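J.: Predicted model and sequence below, questions to follow.
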Amino acid sequence: MPRKILVFGISGELGSRFARLALLAGHKVYGVSRGRNVRPGADVSGAEIFTGDKLDRDFLADLAQRIQPDVILDTIPSAAMLDNIREFFPQVKNVFMVSSTGTFVPLQGLPADETHPWREPNEVNFHGKIANDKHALELFEQYKFPVTIFRPTNIIGDGRVPLDLYGGRNIEFFRALKKSEPLTLPDCREVLLQSGCNWDLSQAMYLALSADVEDIAGEIIVISCRQAIRIKDYLNF
């Protein structure tokens, strides 16, 4: 059954690919973009695009008057945006948000799954995404907010560059690099890496459109792979 789908970040890497798959299947797709994306995306011809800032409440109020989507995808969510979606789009049946398996770091084992602890920040995990995910689940518990969290692994595909592990995602590494200060580069060639193609990740989110809301609302779906490769093998590809 055709559905009305609103994609925040439709010009981005995952948003455009999800939108493309939905358009090809006959869904009505709307998109919001600030028009600043420079990363290659998919063709979203056929979608109705609105230019604006998703955190601008006046913009969202006007958008909600124009369209009443069945499904909303937010590729770069925040706690404030989740609250905005609940307020301005109360009729929405599914809310999909993109998180990351970086919330699981450091992994206790492979593959990453729901048994890994993730709620407490540590030195290396993604604190911001943890906070967003916790808030989303709280909204589900309190208000039955129909959110589904997708956690992809390291994304590869068109327009992507190899993952940089030298700095361990530590901002101080990049500050020192900018200042031309001496740096010690760790040997990370044996580090295990799980990757997922951006088209496959988008396909996984698209497949959730056919699931019953009761089965996926309030759930975290990990999009990963059972096999891992060493980063030196990944770079050799």
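T.: Thanks, I have it.

J.: Run through the helices of the chain in chain order.
T.: 13-24, 57-66, 79-88, 127-143, 171-178, 198-207, 213-216, 231-236 (DSSP state H).

J.: got the contact list for the residue nearest the centre of the chain?
T.: In the chain, the C-alpha nearest the mean C-alpha coordinate belongs to residue 98, at 2.4 Å (Cα atoms, centre = their mean). By Cβ atoms under 8 Å, 6 or more residues apart in numbering, residue 98 lies in contact with 14, 73, 74, 75, 76, 77, 150, 152, 205. To be clear about C-beta, it is placed using only N, CA and C from the backbone, and glycine gets the same treatment.

J.: switch to 7 Å and redo it
T.: Residues near residue 98 by Cβ atoms under 7 Å, 6 or more residues apart in numbering: 14, 75, 77, 150, 152.

J.: mind checking pLDDT for it?
T.: Looking at residue 98, its pLDDT reads 97.

J.: before we move on, the earlier item: with respect to residue 43, which of the helices of the chain lies nearest?
T.: helix 13-24 (6.1 Å; Cβ to Cβ).

J.: relative to helix 198-207, how tilted is that closest one?
T.: 50 degrees (axes from the mean of the first three to the mean of the last three Cα atoms, to 10 degrees).

J.: For helix 13-24, name the packing helices and strands.
T.: In terms of contacts (3 or more Cβ pairs under 7 Å, 6 or more residues apart in numbering; DSSP states H and E), helix 13-24 is packed against strand 4-8, strand 28-33, helix 198-207.
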